[in-house]
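[1] structure, please.
(chains A and B)
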Amino acid sequence: MSDKVYMTPNPPTPNKGVKFNPTICNGCNLCVEVCPTDVMMPNPERKKPPIVLYPEECWFCAGCVEECPKAGAITMVHPLSQNISVNWKRKDTGEYFRLGMKNPPPPNTRPPSGGE
Amino acid sequence: MTTWNEYVEKGGALPEWPYPILYEKENEIVSDVLILGGGVAGCHAAISAAREGAKVVLAERGMAKRSGSGGAGVDHWHGACTNPCSKVTPEEYTRAVMDCAHGYSNGIARYITCKEGWDTLLECEEMGVQIRDVKDEFKGADFRDEETKLMFAYDYKNRHVLRVWGYNIKPCLYNEMKQLGVGIFNRVVVTSLLTEGGKQGARVVGATGVNTRTGEFYVFKSKAIIVSTGGAGRLFTFAPEITAASSMSDMNSAGVGQAVGWNAGAEFVLMEQTGPGRLTGFGYTPYSMGNASNTYHGTPIVDANGKEVPWFDVEGRELKTVQERFLPSPGQNFQLGIGIGLHYYLDQYRLNNLAQDLPERVRKGEFTLPLYADLSRLPELERRVIFGMMVGNEGKTRIPIYDTFTKAGFNPDKDMLQAPVMLPEAYQNSNFWGGTPIPHLRSLAGGGFLVDWDLRTSLEGLYAAGGVPIFGGGCHGEAHTSGRYAARKAAAYARTTAEPAVDRQQVEAEKARVYAPVNQNKNGVGWKELNYAITRVMQDYCGKYKNEGTLNLGLRLLNELKENEAASTYASNPHELGRTLECFSLITVGEMVMQASLARKCSSIYLDLYRLDYPQMDPPDWRKLLPIRLEDNKVKVRELPLDFHLKPPYAPAYEENYKLHCGH
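    Just a heads-up that it's a prediction; the model follows:
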């Protein structure tokens, strides 16, 4: 725990809006270019993921995800106050699931209609 | 390390603003047709004007490839009355809408939409939007025409609403604009319209704007201008920290088009019409909860014990089969869908719905909370078209809902999606994800520029397009179609008019106003605090119930804000400058709403307007439009019949007016 502690404002709300996976993101900034509200800014370090500066301005259109050439580099993270309410119940087993649960069921791999 | 906090804490240094700072730098951009606002209306207008041979420039607040209310996609297209399967004529549809609105809507824009909406959609198809079931995924479904492979929503008999795979509609429009050589200026907040001689009410000859990354200034000179900006979502409600920047209008929705039009002297109508602010983001993520409305229309709703909530037609007959939910009742000619800017439906055109006394039945214990959407009870093709085709192509559903939910394991074949647990009365509206209505929150609901059969505003050179700028606006399809039409008219006007001359004094005064927030000493408030204060004034003094005294006090407080707090609001960078300038626009739009509310000295159920000092509901003398405008900065009000669009100087019939004006 040798990291310096700084005076910073509280984390913004929502904290992220969008989350980057730094091992997949190549810092191309195409997401920065299409975001309608400039939620994120280019990282001063080249090839690094953008910096989420204005997460509260994200309206979750997901244009950044659709624009991203690297699958899995960007994930939408809706406010926890909204995701906590997304629950579903499996009819045959009666199990309850929720978005963001620790041990989710296996993914449903069927793609949406339309598109490639 | 992907957030600002993480970056600062790791390196111990603030990141510098990543774009060059160019405050006061002036760029002059000249065009035949200038379009303000690059949502679907503005982009389709740009394409249409460019195809007419005009030199076109588009100024967009965000980035035109993805921005705007329709920028995130669309799953159904209303008013496609001329599609080969439609059984509803443009005239019938327009009259239905006008009857439902009791005259308080826009017959011109509605008729144009019905007349050209299908052609406009075919243009989108040519640009790469899928509008037919080409892969035969839904072969044999009740909602599909086997010959054209078109698919229908809501009313499967009359077939005037088309299901479309519009998740990529904005990139398609954007690519087309680029191919046509449209000059696209992204990240520009429009700050004013320029008029001949700098005079209010004179011909519009251009606009000014500021880049919200660099802070540089633009003087746009143009022979014709189309305003196609968005709503004013931040006027009555603002809480981006908890509303995910609102459900249905993003942060850029700040009434900028209305404000600059008002200051230039254009006439507006129906600004006094507001509605309950249901989709402001205080509920749940759009389309994320079990519900039975709009995109989910027809979805079975069951209670905690698996007991299904019955569906009824408008005559109160229980609908026993799924098929019947999508058909008009025997007494109806056709059903209008929802999401078309109507706040009131006559039974003649209303959709089938869940039991209207569901709140009462919940209270009495007949249905046990929580409720669920049980898509598995639908036939396979109905289930797939709702969760898969519509959820998957509607705005903000492809990634935020479909992709997120399926990756998390949700499977509509075997899972029931829970509805929110709310006050019983909140189940009155089958769009459950909107949440429990909050009584003091309102939203604008139909006010806009007064337009004629050319979609021209009251000012020479200025046209309007889109669901928001045009009064009585409707839906996604109307935005495209009105943009396409207005652009033809604007391009024709530009061909006949002289080069515009910009008034230098007007530009200089605007520059001084625009850059004041970056020259402040930072003792003032920031833009967010100002925005919250504006919404408080609107909520308190321009809520559902009003009187002359509260409205005048509200105007006084908005003016106080303008002269004091707004005048000393500071902006640390071009982004904050853009948001601050938008707050100035919000104050102006607030004044417009209050002035329009003062002008209408009656209450009206159709306008959701309750004047405590004039409680009489919709007296016959007040069944009219009240155009308002500024002249020498004084508010002027006049009267206009609700059916002005079918009275001299216009012809008495829709079709005749259309033929005279459409420009074909």
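
[2] count of neighbours near residue A:7?
    Residue A:7: 5 surrounding residues under other C-beta atoms under 10 Å in any protein chain shown. All C-beta atoms are positioned from the backbone trio N, CA, C, and that covers glycine.

[3] end to end, how far does stretch A:40-58 reach?
    9 Å (C-alpha to C-alpha, to the nearest Å).

[4] quick check: buried residues in that stretch?
    A:40-43, A:48-58 (16 or more other C-beta atoms under 10 Å in any protein chain shown).

[5] ok, so of these, who is nearest residue A:21?
    Ranked by distance to residue A:21 (C-beta to C-beta), the buried residues of stretch A:40-58 are led by residue A:49 at 7.9 Å.

[6] now do the same end-to-end measure for stretch A:44-58.
    One end of stretch A:44-58 sits 21 Å from the other (C-alpha to C-alpha).

[7] and it, does that touch chain B?
    Yes. Residues of stretch A:44-58 contacting chain B under C-beta under 8 Å from any C-beta of the partner chain: A:44, A:48, A:49, A:50, A:51, A:52, A:53, A:54, A:55, A:56, A:57, A:58.

[8] which residues sit against stretch B:651-664?
    B:90-91, B:94, B:107-108, B:111-112, B:115-116, B:453-454, B:485, B:488-489, B:492, B:645-646, B:650 (C-beta atoms under 8 Å, 6 or more residues apart in numbering or on different chains).

[9] related to what we said a few turns ago, so which pair among the buried residues of stretch A:40-58 is furthest apart in space?
    Most distant of those, by C-beta to C-beta, are A:48 and A:56, 22.7 Å apart.

[10] in what helix or strand does residue B:528 lie?
    helix B:527-541 (DSSP states H and E).

[11] quick check: mean pLDDT across that helix?
    For helix B:527-541, mean pLDDT is 97.

[12] who are the packing partners of that helix?
    Helices and strands touching helix B:527-541, by 3 or more C-beta pairs under 8 Å, 6 or more residues apart in numbering or on different chains; DSSP states H and E, are helix B:548-563, helix B:574-599.

[13] same list (those) but as JSON lines, adding mean pLDDT.
    Output for those, formatted as JSON lines (pLDDT from 0 to 100):
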{"stretch": "helix B:548-563", "mean pLDDT": "98"}
{"stretch": "helix B:574-599", "mean pLDDT": "98"}
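
[14] out of those, which one sits most buried?
    Mean neighbour count, computed with mean count of other C-beta atoms under 10 Å in any protein chain shown, is highest for helix B:574-599 among these, reaching a mean of 24.

[15] so what touches the helix or strand following it?
    Counting by DSSP H and E, the next helix or strand C-terminal to helix B:574-599 is strand B:610-611. Residues from elsewhere that reach strand B:610-611 (C-beta under 8 Å, 6+ apart): B:544, B:545, B:546, B:547, B:597, B:600, B:601, B:602, B:603.

[16] quick one: contacts for residue B:60?
    B:37, B:38, B:42, B:67, B:184, B:185, B:186, B:187, B:188.

[17] check these against chain A, which are close?
    Answer for these near chain A (C-beta under 8 Å from any C-beta): B:67, B:187.

[18] restricted to strands, list the contacts of stretch B:651-664.
    Among the contacts of stretch B:651-664, no member falls in strands (DSSP state E).

[19] give the contact list for the spatially closest residue to residue A:92 that is not a sequence neighbour.
    What sits nearest to residue A:92 in space, not counting adjacent residues and going by C-beta to C-beta, 6 or more residues apart in numbering or on different chains, is residue B:414, at 6.4 Å. When contacts are counted by C-beta under 8 Å, 6+ apart, residue B:414 touches A:90, A:91, A:92, B:376.
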